[in-house]
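>>> sequence first, then the predicted structure, then my questions.
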Amino acid sequence: MLILAIDPGTFESAFLIWDTVTRQIGRFGKSPNLQVRELLLSMAYDCLVIEDVTSYGKAVGREVFDTCKWIGRFWETSGVEPDFVSRPRIKAHHCKSASAKDDNVRAAMIERFGKPGTAKQPGFTFGITKDIWSAFAIAIWKADQLDPTQGLLRGGG
């Protein structure tokens, strides 16, 4: 099964494909939202997971509302019913604490799948940076929901 995970943003969104059968990372990147919409139409995937906006009871700015609109546009473009997951749920899944920081999530993913490495000696997660780590964490969260034994295994071939 191919899982497409999206970490949406106001202007750009990170995405990553995870193959649950081969346990390999497929295409990934961070692109302008219009290009991500085009990718939703051109890429093959069986399951779509999008990080959802969560209310913390505080005032939010225009960026949050614009991100919400993009989430809806991605959903509509995909033509499938996506799974939505909150950032605290991703943090709790990978770090056992909903109050973990993004760096903690990245560290948990590196612990599970190995260091990115270098251009001369690329690791399993080579090329994954910044928001793409979030998309990777979202994809793995979904994969672990589909097959809880995946979490017991280390990735990276």
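Perfect, thanks for sending it.
>>> all helices of the chain, in order?
Assignment of helices within the chain using DSSP state H yields the ranges 33-42, 62-78, 87-95, 102-113, 130-146.
>>> what's the closest of those to T10?
helix 62-78 (4.5 Å; Cβ to Cβ). Where C-beta positions appear, they are placed from N, C-alpha and C, glycine not excepted.
>>> how far off centre is the closest one?
Here the centre of helix 62-78 is set off from its chain's centre by 16 Å, with Cα atoms, centre = their mean, to the nearest Å.
>>> looking at the helices of the chain, which is closest to I50?
Using Cβ to Cβ, the nearest of those to I50 is helix 62-78, at 5.7 Å.
>>> got the contact list for that closest one?
With contacts defined as Cβ atoms under 8 Å, 6 or more residues apart in numbering, helix 62-78 is touched by 6, 8-10, 13, 33, 36-37, 40-41, 48, 50, 52-53, 82, 84.
>>> min pLDDT across the residues you listed, which one?
Within the set of the contacts of helix 62-78, pLDDT is lowest for V53 (92).
>>> with adjacent residues omitted, what lies nearest to that one?
C68 (5.4 Å; Cβ to Cβ, 6 or more residues apart in numbering).
>>> and for that neighbour, the neighbour number?
15 (other Cβ atoms under 10 Å).
>>> middle-most residue in the protein, spatially?
A135 (1.7 Å; Cα atoms, centre = their mean).
>>> isn't that residue right up against I3?
No - taking contacts as Cβ atoms under 8 Å, A135 lies outside contact range of I3: 10.2 Å.
>>> quick one, what contacts the closest residue to S86 other than its chain neighbours?
Spatial nearest neighbour of S86, excluding adjacent residues (Cβ to Cβ, 6+ apart): T54 at 4.4 Å. Neighbouring residues of T54 by Cβ under 8 Å, 6+ apart: S86, R87, P88.
>>> so the last one sits against C95, correct?
Translated: P88. No - taking Cβ under 8 Å as the definition, P88 is not a contact partner of C95, at 10.3 Å.
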